Each structure stands twice: as C-alpha cells, then as structure tokens.
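Participant: sequence plus predicted model, see below.
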Amino acid sequence: MEVALKTYKKEFGHSYTFGVFPTLELLHARSAEVLKVLISDAGRKNRGVAKIEELCARRRIPVEVNDKAVDRLSPKENAYAVGVFKKYTASLAANANHLVLVNPGDMGNLGTIIRTMLGFGVTNLALVRPAADIFDPRAVRSSMGALFSIAFHYFDSFEQYHDLFPNNLYPFMTNGKVTLSQAGFARPFSLIFGNESMGLPDDYLQLGTSVTIPQSNKVDSLNLTIAVGVALYEATKQDLDAVRKPE
C-alpha cells in the first residue's frame, strides 16, 4: 500500500506516529499495520532510532531517511521518527470492563485518557459519535503509543453500544446518585463519561448506577481526563493491588 506523505486528514486510510517512543510502541504492538518508518538524519545517533531500525529490519518494514518528510509531517513535534501505518479495527471484548466516552471532542484529552486506561488495566474503549478521531496524530501522540494496545469501537448511539455489551453501567455525573466510594463497580462494568464541556445529559441518571466524584465547591467540575483517571483508579484498585501484592 503506497501512501502520499501529506499532512494528516481524517479521510486518509493511514495515519502517523510522531516521535521515537510512540513509533516503538507501534512496532511492538501493531507491526502488521506499519507501512514504513521515516527517520531524520539527525536522529540516527539516537538509541531509540537504532532500536526502530533494528525492529524494522527484523520485520522487513521499509525505513527511509527523509528529513523533509519528517519536518513536513510533524512541524511542531521535533521528531526523530515518524511511523506511517494503516488504520485498523480492534473489536471490543465481551464480558470485559469498558470505558465509554460519549461525544469526546479533544484529541489531546482522548490520547491522555487512552494512556490512563491502559495504565489501570482497562483495555476496551467505546466512543459514541460525534467523537474525536482516535487516529488523529494528536491523539496518537498524547497516548504515547498506548492506542496500539487497546481495543476500541465507534457507535452511533449509546443504545447501540449497550445492546451489544450489557455491562453494569456507571454514568459519571456531578449529580450522580452515589459517591465514588459507594459505587462498588460490579464486573463487567462500563464507566461512562460525557464530553469536556457538557458532561452527560440528565437521562443518563436512569441508567445503571450514576456516580459522582466528591470535590470541593471551589470548582464547577473536574477536568475530564482527571475525572476518568480518578474513576479508573477506584474501579480497578483491588485488581491492581492483587497484581502488585508482594509474595
């Protein structure tokens, strides 16, 4: 598959990783989707770039030294490496814990949330349209390559999602019925969050167990990425404690 190395657009069938670490994550987790890797001449002394070249040689992935293309594709990133990869699908797992984002709008927030959910061991992400483009290089970059280790799927409505995945529902709302510590989080769970500016509409109060994160009255609400991180920690802390428990 030959692609034009142009500034990313959503309608493209490919996207890019900017930087050494996200490109390494791409090669480790999704090497079958990698079309080529571009590196800058200045980065050839970098140990991470050397590792990229080694992995590409082992997996027969083309590597091209192309400073102009690297600079053109990632003008604000100062990247030593750019991975070019095919877009792909990664279906959600049934009977697994899910994170559900309803109409997320910010690419950076989306990437940060993906990295956070992977850190807490939740690897299935549902996105309800309209929603940010998960393959936008800004989202990929913010995830630091964590995107390549999760499953995700877009849905046209929340009902479409829940018809396929009848998990225990926990919508997070400032007027939720129970506090975070009272929620319990029966498995498999779906933690549900609205977008950055509006949150979830009130009809989500009728779904499952709505949850509020206690906070001071000094702010209206927590930033979405912070709220998701707090919720993921509380919902998974017993699982992570068991994993990390010393023998």
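Facilitator: Looks like it arrived, so ask away. Residues are numbered from 1 along each chain as shown.

Participant: rest of the way, CA atoms for contacts and neighbours
Facilitator: Noted.

Participant: surely A29 touches S149?
Facilitator: Yes - counting by Cα atoms under 8 Å, S149 is a contact partner of A29 at 6.3 Å.

Participant: most centrally placed residue in this structure?
Facilitator: I114 (2.7 Å; Cα atoms, centre = their mean).

Participant: what is the helix or strand where it lies packed up against?
Facilitator: Taking DSSP states H and E as the criterion, I114 maps to helix 107-119. With contacts taken as 3 or more Cα pairs under 8 Å, 6 or more residues apart in numbering; DSSP states H and E, helix 107-119 sits against helix 137-142, helix 224-244.

Participant: tell me the most buried of the ones you listed?
Facilitator: Using mean count of other Cα atoms under 10 Å, the stretch among the helices and strands packed on helix 107-119 with the greatest mean number of neighbours is helix 137-142 (a mean of 23).

Participant: for it, which outside residues touch it?
Facilitator: 8, 15-19, 22, 107-112, 115, 133-134, 146-147 (Cα atoms under 8 Å, 6 or more residues apart in numbering).

Participant: packing partners for the helix or strand of the chain with the lowest mean pLDDT?
Facilitator: Least confident helix or strand, the chain: helix 224-244 with a mean of 89, by mean pLDDT, DSSP states H and E. Helix 224-244 sits against helix 107-119, strand 189-193, with contacts defined as 3+ Cα pairs under 8 Å, 6+ apart.

Participant: let's have those in CSV, adding mean pLDDT and distance to N175.
Facilitator: Shown next, in CSV, are these (pLDDT from 0 to 100; distance: least, Cα to Cα, whole Å):
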stretch, mean pLDDT, distance to N175
helix 107-119, 98, 22
strand 189-193, 98, 13
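
Participant: for V49, find the nearest of the ones you listed.
Facilitator: With Cα to Cα as the criterion, V49 lies closest to helix 107-119 of the helices and strands packed on helix 224-244, at 22.2 Å.

Participant: strand 189-193 and the helix or strand following that closest one, what's the angle between them?
Facilitator: Downstream of helix 107-119, the next assigned helix or strand under DSSP H and E is strand 124-128. If you take axes from the mean of the first three to the mean of the last three Cα atoms, to 10 degrees, strand 124-128 sits at 40 degrees to strand 189-193.

Participant: could I get strand 124-128 in CSV with only the CA atoms?
Facilitator: Extracted C-alpha coordinates of strand 124-128, given in CSV (Å, rounded to 0.1, in the frame of the first residue of the first chain):
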residue,chain,number,x,y,z
ASN,A,124,-11.6,-1.6,25.9
LEU,A,125,-12.8,1.8,24.8
ALA,A,126,-16.3,2.6,23.3
LEU,A,127,-16.7,6.0,21.6
VAL,A,128,-20.2,7.4,20.9
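
Participant: surely the residue nearest to the centre of the chain and A146 touch.
Facilitator: Yes - I114 is within contact range of A146, at 6.4 Å (criterion: Cα under 8 Å).

Participant: for stretch 189-207, buried residues please.
Facilitator: 189-194, 196, 199-200, 204-205 (16 or more other Cα atoms under 10 Å).

Participant: hmm, which two among the residues you listed are most spread apart?
Facilitator: Checking these with Cα to Cα, the most distant pair is F189 and E196, at 21.8 Å.
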